[in-house]
Each structure stands twice: as structure tokens, then as C-alpha cells.
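Chemist: pasting the sequence and the predicted model now:
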2 protein chains.
Amino acid sequence: MNDLAPNSDSTQTDTELAYGSIRDDIIQGHLQPGSKLKVADLRARYSVGAAPLREALSRLVGDRLVVQQTQRGFRVKEASPADVEDVGRVRNLLECEALRESLLSGKDDWEARVVASYHRLTLAEGRSKSPENLRELELRNNEFHEALVSATQSRWLLELRAQVYHHHERYRYLSRTKKNSSRDTAAEHAAIYDAVIRRDVKEACALTTDHIDRTTKSASEAMSS
Amino acid sequence: MNDLAPNSDSTQTDTELAYGSIRDDIIQGHLQPGSKLKVADLRARYSVGAAPLREALSRLVGDRLVVQQTQRGFRVKEASPADVEDVGRVRNLLECEALRESLLSGKDDWEARVVASYHRLTLAEGRSKSPENLRELELRNNEFHEALVSATQSRWLLELRAQVYHHHERYRYLSRTKKNSSRDTAAEHAAIYDAVIRRDVKEACALTTDHIDRTTKSASEAMSS
DNA sequence: CATCGATAAAATTTCGAAAATCACCACTTT
DNA sequence: AAAGTGGTGATTTTCGAAATTTTATCGATG
């Protein structure tokens, strides 16, 4: 038994490995919307057996990133302008609700988490836009938005928000080809951050809604052209 | 090849069969919260192989009805007073949003669907409360609430609402042992129906929220005793 | 020329068993 | 007694191939 990572309890099962990889590849657009997911191909790509692969795909069906058609296999979920709008709308609903509660009830450790994640986000925003820096930026963006809502009591709100967020993230990747012109996301983040620290619920929610809507609009336009 | 259902395209795969059965059994409390789901046991119970079983369980993980612990199998999701409250809160959020849009934009066919499903619900409510009639009632209740929100444009709202609804439903089954005293759900449904037909958005949402909150409260109390 | 049907190829789904891991229990040591 | 130690049976996870179904190919026919 060769244990490459010496003493870590990262006993990751093949299913989990495949799940994470396929998930990332779908979100980042390496597996295109609507494309067929043949077990034979995926077996080769991720070097895992058919069984763990199918389990991973089944989990992704639950996440709605993959659809399964009886007796004719798995496909990556389709992307469409209508769906981005929908995703954006529901993200707004969930994220604003969670943000509101966070602003009203967040304690010191929540605030510290917001400050820290915002700081890391600004650092990432300052770097040049190489492919891997863009991935880094996406990660920091995720952490920032997650930190903002993290003070809510509701596990369900957090989990559903995360699910929808990742769909929105996929659309961001899909529309990355188009240089979405006149948008200063760093400034948008700064404004949200400011309102959050001031605990200005109305302002923070309005700015977040704007922020999300801009992403939605940008992706929707990039897609219908 | 013996084709029992002559000419229906109901080519249901073993995975789908297991998925549906396990799902129902979890929701109806035949598989208790927190209980271990051993593949050997389930294989016997549902007479399907290990592979389709594990795929079904993986899908249920995505639905959050089952949790998987690395290298130590699957368990039915725990139930707790805190979780019902959470589920109820999120159901309120999603359901009211969808209901609002339905009232504002629902056309004739939506209204007809509401009328029909309400009628079937009242018929079921009129019957005696035998175990199987209770199951029937649960089905009609589901259809009624689904009809109410069905005019929304948002697929995501509908799907997420359905997911959360089923968790709420599970809590209803779990708290059925306790006769929840002074509650006239038929009257609550009637009031909601009336407000919906009048297209009174405020009233319909308020009544629905009350309706959901009562269920939440009843389940929460039944659980903490 | 399009359509239909039979056949072959490809893909999905399922099975039975092997490999890896965990849980439990008796046993030793301090 | 408490805490470690090792072994054994049960359980989870994974594999390789068989069974089943879909998809593609290719003539023959109207």
C-alpha cells in the first residue's frame, strides 16, 4: 500500500475524487453544456472505474449540474439565457435573505471573516489576469460572498445558496470569452463591503442585487449572440 | 421477455425504482432519521443489486435526504427541531415568492388546475382517516400546493420548492403520532384557496405563511417532547 | 428518393466477487 | 482499572465482465 500523502486523513474515495473533478470541469466549462458524458470517456479522463464514476454522476444529478435520461446516459446540463436569468433571480432571493440576517446578527468572528476574505479578494483582483489568476479570483470571490452570508442560522439557506451560486459561476465562465466591457467588479465589491461593514441592510442588499443582476445580464447577453 | 405493462414506455430502471422507493420510505418515516442504510439490508428490502442501490443513494445525497460519510456508508438525514424550523423558513421564502408570481401572471389553465386540485383535496379531506387515506391526503395536499405556485416562470423556484417541501412533508409524517390537537387544515386550505381565486396577493401569502408555520410548529413541538 | 427493417456496433445498466477499510473484542501492558 | 495492540468478521468501495438497450449502418422495397 503506497500512501503518497504520508499522514493526512485525506482518505479521499474514488467517487469523491471523480465528483469534485467533474463538478469543477462542468463549472469551468471544460465539459460543455449539453455534451454527452460517456462513462468510457470519463473513465479515461479521470482514471477511475465505472462504478465510482456513475455514483459521482448521480450525485451531480442531485446538484442539477447533470441530467440523466433513462437508458441513454448522462449529459451536462444545458445552458440558456432563460436559465441564467432564472438562476440569477433565485440567487438574489436566497442571498439577500441570508445577507439580511447576517447583517442583523453577525458577531465579531463573522465580521473578522468578512474583513479577511475581502482582503484576500482585493489582493487577487490586483493581480494580472492570467488564466490561473482568474481561477484564483473566482475562488476568492466565492469565499467573499460566502463570508457575507455566513452568519445566518439557516443551514438550508446556505446550502441552497451555494448550489445556485455555482450554477451562476458556470455562466460566468461560459461568458468569459466575451470581454464584458464596462464593468468594474472590484468597485462593486468595495461598495458592498462598505455597506456591510456599516451594517446598512437596505444598501447592502440593493448593491448585492445590482451586482448579481449585472453578472446575469452579462452572461445572458454573451449567450444569445 | 415478460413485459407486464403492455405498451407503456415506463421502462423504469432498477436505479430509478430504488430511488423512488427509498425516497418514499424516508419521507414517510419507514426509514428512521439517522438510521444506517446498509447496502446488504437494502438489497434484500428492495430486491435490487448493490450498484443501482448505491446510485440511488447517491442521488438522495444530492436531495439531502441521505448523508454519506467517507468509508462508513450512508445514513438517513437526521431530524431535529432546529431543522424543521429551518425547512419551514426556507419553504416560506420560496413558496411565497412563487405564489406571488402565480397570482400576478397565472392564466386560465393555471386557474383551472388550482380549482381541480383543490376539489380533489377537499374530497380527500372528507374521507375517514385510515392509513391509506392519509397517504392519499398527503398526495392531494402536495398537488394543491404545487398547483398554486405552478404559474411561475422560474424552474429553479419550482424545483427547490419541491425539494424543501418534501423535507417538510417528512416532518409531518414524523409528527403524526402526536394528534396535533386544535388544527383545522381544511379550513386553512379553504381560506388560501379563496384568497388565491380573488388574486389577493397579500392575503394569500400571509395565509400560506401561517399555514406553513403551523405545520412547522406542530412538528417542532412533537419532536422536542 | 425516402422509408422501413434487420443487423451490427456502441453505450448503458446491472451483477458477482475481490480489495480496502472499519468496528469490535479479547488481550497485554502500565 | 485505563490505555494501547493486534486480529477477526462485517461493511464499504471498486473492479471486470455479462445482460440489456439504444444508436448507427446498409440494403431492399414501395
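Modeler: Cool, the structure landed.
Chemist: can we go C-alpha only for contacts and neighbour counts from here?
Modeler: Noted.
Chemist: which helix or which strand is home to the spatially most central residue of chain A?
Modeler: The centroid of chain A falls nearest to A:His166 when counting by C-alpha atoms, centre = their mean (2.8 Å). Assigned by DSSP states H and E, A:His166 falls within helix A:155-174.
Chemist: in that helix, what counts as buried?
Modeler: Neighbour counts over helix A:155-174 (16 or more other C-alpha atoms under 10 Å in any protein chain shown) mark A:156-158, A:160-174 as buried.
Chemist: okay, A:Glu132 and A:Ala124: tell me how far apart.
Modeler: 11 Å (C-alpha to C-alpha, to the nearest Å).
Chemist: could you list which of the buried residues of helix A:155-174 also contact chain B?
Modeler: Subset of these in contact with chain B: A:156-157, counting by C-alpha under 8 Å from any C-alpha of the partner chain.
Chemist: tell me where chain A has strands.
Modeler: With DSSP state E as the criterion, chain A has strands at A:36-37, A:66-68, A:74-76.
Chemist: so for B:Thr216, which of these sits nearest?
Modeler: Across those, B:Thr216 has its closest neighbour in strand A:66-68 (32.2 Å, C-alpha to C-alpha).
Chemist: residue ranges with poor pLDDT in chain A?
Modeler: When residues are selected by pLDDT under 70, those of chain A lie in A:1-10, A:178-182.
Chemist: can you give me phi and psi for the residue nearest to A:Thr70 when sequence neighbours are not counted?
Modeler: Nearest non-adjacent residue to A:Thr70, counting by C-alpha to C-alpha, 6 or more residues apart in numbering or on different chains: B:Thr13, 7.1 Å away. In terms of degrees, to the nearest 10, the main-chain angles of B:Thr13 are phi -80, psi 160.
Chemist: how close does B:Thr13 get to B:Leu37?
Modeler: Counting by C-alpha to C-alpha - B:Thr13 and B:Leu37 are separated by 21 Å.
Chemist: who touches the residue in chain A positioned nearest to chain B in this structure?
Modeler: Residue nearest to chain B within chain A: A:Gly62 (4.0 Å; C-alpha to the nearest C-alpha). Contact partners of A:Gly62, counting by C-alpha atoms under 8 Å, 6 or more residues apart in numbering or on different chains, are B:59-63.
Chemist: quick one: buried ones out of those?
Modeler: B:59-63.
Chemist: of these, closest to A:Glu138?
Modeler: Looking across the buried ones among the contacts of A:Gly62 and measuring by C-alpha to C-alpha, the closest to A:Glu138 is B:Gly62, at 23.7 Å.
Chemist: give me the number of residues near A:Leu103?
Modeler: 25 (other C-alpha atoms under 10 Å in any protein chain shown).
Chemist: what sits against A:Arg75?
Modeler: So A:Arg75 contacts A:33-37, A:66-68 (C-alpha under 8 Å, 6+ apart).
Chemist: most neighbours among the residues you listed, which one is it?
Modeler: That'd be A:Val66 among the contacts of A:Arg75, by other C-alpha under 10 Å, with 24 neighbours.
Chemist: identify the bridge partners of that residue.
Modeler: Beta-bridge partners recorded for A:Val66 (DSSP bridges): A:Val76.
Chemist: could you chop chain A up by domain?
Modeler: For chain A, automatic domain parsing gives the domain ranges A:14-76, A:81-224.
Chemist: the helix holding A:His166 packs against which elements?
Modeler: helix A:14-27, helix A:81-105, helix A:201-224, helix B:81-105 (3 or more C-alpha pairs under 8 Å, 6 or more residues apart in numbering or on different chains; DSSP states H and E).
Chemist: ok, 10 Å please
Modeler: For helix A:155-174, the elements it packs on are helix A:14-27, helix A:81-105, helix A:131-149, helix A:201-224, helix B:81-105, helix B:155-174, judged by 3 or more C-alpha pairs under 10 Å, 6 or more residues apart in numbering or on different chains; DSSP states H and E.
Chemist: please save the CA atoms from the last one in CSV.
Modeler: Translated: helix B:155-174. C-alpha atoms of helix B:155-174 as CSV (Å, rounded to 0.1, in the frame of the first residue of the first chain):
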residue,chain,number,x,y,z
ARG,B,155,-38.0,26.4,-13.0
TRP,B,156,-35.5,26.8,-10.2
LEU,B,157,-38.0,28.2,-7.8
LEU,B,158,-40.3,25.2,-8.5
GLU,B,159,-37.6,22.6,-8.1
LEU,B,160,-36.1,24.0,-5.0
ARG,B,161,-39.5,24.5,-3.5
ALA,B,162,-40.4,20.9,-4.3
GLN,B,163,-37.2,19.7,-2.6
VAL,B,164,-37.8,21.6,0.5
TYR,B,165,-41.5,20.7,0.5
HIS,B,166,-40.6,17.0,0.7
HIS,B,167,-38.4,17.6,3.7
HIS,B,168,-41.3,19.4,5.4
GLU,B,169,-43.6,16.6,4.4
ARG,B,170,-41.2,14.1,6.2
TYR,B,171,-41.6,16.1,9.4
ARG,B,172,-45.3,16.0,9.0
TYR,B,173,-45.2,12.2,8.9
LEU,B,174,-42.7,12.1,11.8
